[in-house]
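>>> please find the sequence and the predicted model below.
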Amino acid sequence: MKLKILFFLLSIIVGFWITYPLYNITISAIVSVVVGALTIGVIFGIEYLIKDFPLKSILGLAVGLIAASLAFFAINEVLHALRIPPDVSIYISLMLFLLLFYLGISEGVRKGFKADRASRRTDARGGLSSPKILDTSAIIDGRIADVAEAGFIDGVLIVPKFIIKELQYIADSNEPIKRVRGRRGLDVLKRMQQDIPNVVIRITSHDFPKISEADLKLVELAKRIKAIIVTNDYNLNKVAGLQGVKVLNLNQLSSALKPVVLPGETLNILVVKEGKEENQGVGYLEDGTMIVVDDGKKYLGKDMDVSVTSVLQTPTGRMIFSRVVVQEKMVSEIKA
């Protein structure tokens, strides 16, 4: 915005410098302010039009403008050499100006888009990975560092400055748990920067002041730079999906890597606490999967063999329902 204000003032000065020799100070001042306002309007219009353009298209536009300018000046010199009457040459020059700059802009942008698509196809064939944006939850969680160290994620990992600020805010919290989580997140970033060679942590200053929520800023940034969001936030996953942004969810990855458990299989678990329903017990597998044991309350603190009865997949993970194998043996003996 400061640059726009400076450009506005420069436009007024230039407009006044051009018009003052021809008109009085009042008219010159009005004309120069109008010129400055029109210039700023054009700048905002151009920014709005090219905000979603890839970099190669913007470069193509710039090259097209330069080529059009050189061609215009060259042809204009030829017209002067031919000694065409000024009344006629001014209209010819105007038409040439409009035609050449239209061709320069349209061809430059078209060639830029074409080069960008070709580059993306080359990247896809070469197996080059898309940039990925890390959100606060994925950084604090810490598993992203282990996944990257194992080689399942590589390339550029983008961390916006507003995410860094959020981590710092959490790390400076008065609540001990939040403070530990924030510091853990900063330690994870430091580890990935220094100890994991197959990823590059890039801090970006992209921000969207008109958007207050960090999740929506991440989605907007991902759309702008054609990136993938890495998170374990269920709500962010949904919001990004609605707006066509690809998401890598660490919880989904963790669930996909868990061993398959089928009804009828026998597992050995430690019953560690009571369940929500009456007489239920709860245990856990080594990967953290919760196992609900029917009539398992009386086995609290004991290792038990349980038989899987059903498996429930939830948005946050997987739950296994089971019953104690000992009871099945006792029932069969009674029936015998």
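Okay, I see it. Numbering: from 1, shown residues only.

>>> and residue 264, what helix or strand is that in?
Residue 264 belongs to no helix or strand when assigned by DSSP states H and E.

>>> and the one 4 residues further on, by the same measure?
Using DSSP H and E, residue 268 sits within strand 266-274.

>>> same thing with residue 319?
Using DSSP H and E, residue 319 sits in strand 317-324.

>>> from start to finish, how long is stretch 130-148 in a straight line?
This stretch, stretch 130-148, spans 14 Å end to end (CA to CA, to the nearest Å).

>>> and what of stretch 288-296?
When the termini of stretch 288-296 are compared using CA to CA, they are 18 Å apart.

>>> name every strand pairing with the strand holding residue 268 and say which way it goes.
In the sheet, strand 266-274 lines up against strand 281-284 (antiparallel), strand 303-314 (antiparallel) (DSSP bridges).

>>> just the ones you listed: most buried one?
A comparison of these by mean neighbour count, using mean count of other CB atoms under 10 Å, puts strand 281-284 on top with a mean of 22. Where you see a C-beta, it was placed from the backbone N, CA and C, and this is true even at glycine.

>>> how about residues contacting it?
Here strand 281-284 makes contact (CB atoms under 8 Å, 6 or more residues apart in numbering) with 269-275, 290-293, 295-300, 304, 306.

>>> strands of the stretch 51-200 of the chain, start to end?
132-134, 155-160, 199-204 (DSSP state E, counting those that start in this stretch).

>>> which helices and strands does the last one pack with?
Using 3 or more CB pairs under 8 Å, 6 or more residues apart in numbering; DSSP states H and E as the contact test, the elements touching strand 199-204 are strand 155-160, helix 161-171, helix 176-195.

>>> tell me the angle the next helix-or-strand element following that strand makes with strand 199-204.
Next in sequence after strand 199-204, counting helices and strands by DSSP H and E, comes helix 214-225. Helix 214-225 and strand 199-204 meet at an angle of 100 degrees, taking axes from the mean of the first three to the mean of the last three CA atoms, to 10 degrees as the criterion.

>>> buried residues, stretch 161-168. List them.
Residues of stretch 161-168 classed as buried by neighbour count (16 or more other CB atoms under 10 Å): 162-164, 166-167.

>>> again with stretch 291-305
The neighbour-count check on stretch 291-305 (16+ other CB under 10 Å) flags 291-294, 296-297, 299, 304 as buried.

>>> so which pair among those is furthest apart in space?
Across those, the longest distance by CB to CB is 13.8 Å; it joins 291 and 297.

>>> show me the contacts for residue 249.
By CB under 8 Å, 6+ apart, the contact set of residue 249 is 231-232, 234, 237.

>>> ok, 6 Å please
Neighbouring residues of residue 249 by CB atoms under 6 Å, 6 or more residues apart in numbering: residue 237.

>>> any idea how far residue 281 is from it?
Here residue 249 is placed at a distance of 30 Å from residue 281 (CB to CB, to the nearest Å).

>>> kindly report the same for residue 154.
Look at residue 154 and residue 281: by CB to CB, they are 43 Å apart.

>>> for residue 71, same thing?
83 Å.

>>> what of residue 273?
7 Å.

>>> quick check: phi and psi on residue 235?
The phi/psi pair for residue 235 (degrees, to the nearest 10) reads phi -70, psi -40.

>>> so for it, what's the pLDDT?
If you check residue 235, the pLDDT there is 86.

>>> got it, and residue 36?
At residue 36, the model reports a pLDDT of 72.
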